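**Q** Could you work out the structure for the sequence below:
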Amino acid sequence: MGDMTGPVLISAGELAESLPTVCVLDVRYRVGGPPGREDYVAGHIPTAAYVDLDTDLAEPPGDPVDDRGRHPLPTSARFIDAMQRAGVGLESSVVVYDDWQGRAAGRAWWLLRHYGHRDVRVLDGGWAAWVAAGGAVQMGHTAPGQGDFHGSPGAMPVVTAAALGDVSLVVDARAPERYRGENEPLDPVAGHVPGAVNVDTGRNLDNHGHFRDVVELRALYASIGAVPGTDVAAYCGSGVTATHDLLAMEIAGIRAALFAPSWSGWVADPDRRVEQG
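**A** The predicted model follows:
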């Protein structure tokens, strides 16, 4: 496994050149939509194994949703088993992709990093970039060999609800209208964590759905006070798309913490304050 500060993105061209030697994970997913397995079967990057965000990268939520949020972080047993079934090894070079401009793949990237796996990158532009580059497409299911991945969480910073108020800068990764509390399609309370600033995930991307370059991302996050060394945490609705902001900040040289329960977990406690506007 390589340096923890290594590159976090890989281009479609780079992936095509290194395809036989990397472990590819297909994490296609849509909020409220059907699982991405059907899309995977219809066509995926050769050798890629399908990873289900809801069942492999999260625990089932409480009913009603509790303070763990709508996508609780998976137990070690669940995550390690999923990665081993997908063929991930301790020494694997891993590439993850989705069809959501990195918003789901970011969750897999973050979890692998959290468990100490250093050599993991997100396919910049995802499935669309692969197709646009003329990449080969495989149909059906890929049955990778069992991987020997294992580890324990703790390599990436996390923050609890109780400690969130002590973080210098809290970033809300949701769409602006959800942040402002004008529209809340998923959670029972609208608004945002008091004091949080909004950097919706779309701002991390250029007009082609690729991550902006390092200079632009540094400027974007510096504009809200996030620079290397700043005490930063990020959240979203359920702890998935916040990893997109974490990935963008990683490119910019900022190691930020994840508030994994995110907004859905925050509002599960009616005593927690919320802000709107």
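**Q** Tally up the residues packed near Leu164, please.
**A** For Leu164, the count of nearby residues is 20 (other Cβ atoms under 10 Å). From N, CA and C alone the C-beta is placed, and that goes for glycine too.
**Q** wait, what's in contact with the closest residue to it other than its chain neighbours?
**A** Closest residue in space to Leu164, ignoring its immediate chain neighbours: Phe259 at 5.7 Å, by Cβ to Cβ, 6 or more residues apart in numbering. Shown in contact with Phe259 (Cβ atoms under 8 Å, 6 or more residues apart in numbering): Val158, Val159, Thr160, Ala161, Leu164, Val170, Ala233, Ala234, Tyr235, Gly239, Ala242, Trp266.
**Q** The first one and Ile254, how far apart?
**A** Yep, that's Val158 we're talking about. From Val158 across to Ile254, the span is 16 Å (Cβ to Cβ, to the nearest Å).
**Q** Also the fourth one?
**A** From Ala161 across to Ile254, the span is 22 Å (Cβ to Cβ).
**Q** what residue ranges in this protein score low on pLDDT?
**A** Within the chain, the segments meeting pLDDT under 70 span 1-6.
**Q** is it true that Pro153 touches Thr75?
**A** No - assessed by Cβ atoms under 8 Å, Pro153 is found out of contact with Thr75, at 9.7 Å.
**Q** In terms of neighbours, single out the busier of the two.
**A** Pro153 (15 against 11).
**Q** Compare Val158 and Ile254 (neighbour count), which wins?
**A** Ile254 (21 against 17).
**Q** May I have the secondary structure class of the more buried one?
**A** Secondary structure, DSSP: H, G, I helix; E, B strand; the rest coil: Ile254 is coil.
**Q** again, but for Val122
**A** Going by three-state DSSP: Val122 is strand.
**Q** What separation is there between Gly125 and Gln101?
**A** Gly125 is 7 Å from Gln101, by Cβ to Cβ.
**Q** Contacts only, for Leu186.
**A** Val31, Gly32, Arg70, Gly237, Ser238, Ser264.
**Q** Could I have the ChimeraX command that selects the buried members from those residues?
**A** Of those, the buried ones go into a single ChimeraX selection, burial set by 16 or more other Cβ atoms under 10 Å:
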select :31,70,237,238,264
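**Q** Among the contacts of Leu186, which ones are in helices?
**A** Secondary structure defined by DSSP state H assigns Ser264 of the contacts of Leu186 to helices.
**Q** which pair in the contacts of Leu186 spans the largest distance?
**A** Gly32 and Ser264 (13.6 Å; Cβ to Cβ).
**Q** Looks like Asp200 contacts Val171 (just checking).
**A** No - look at Asp200 against Val171 with Cβ under 8 Å: they stay out of range, at 9.9 Å.
**Q** These two: which is more packed in?
**A** Set side by side, Asp200 and Val171 show more neighbours around Val171, with 27 against 19, by other Cβ under 10 Å.
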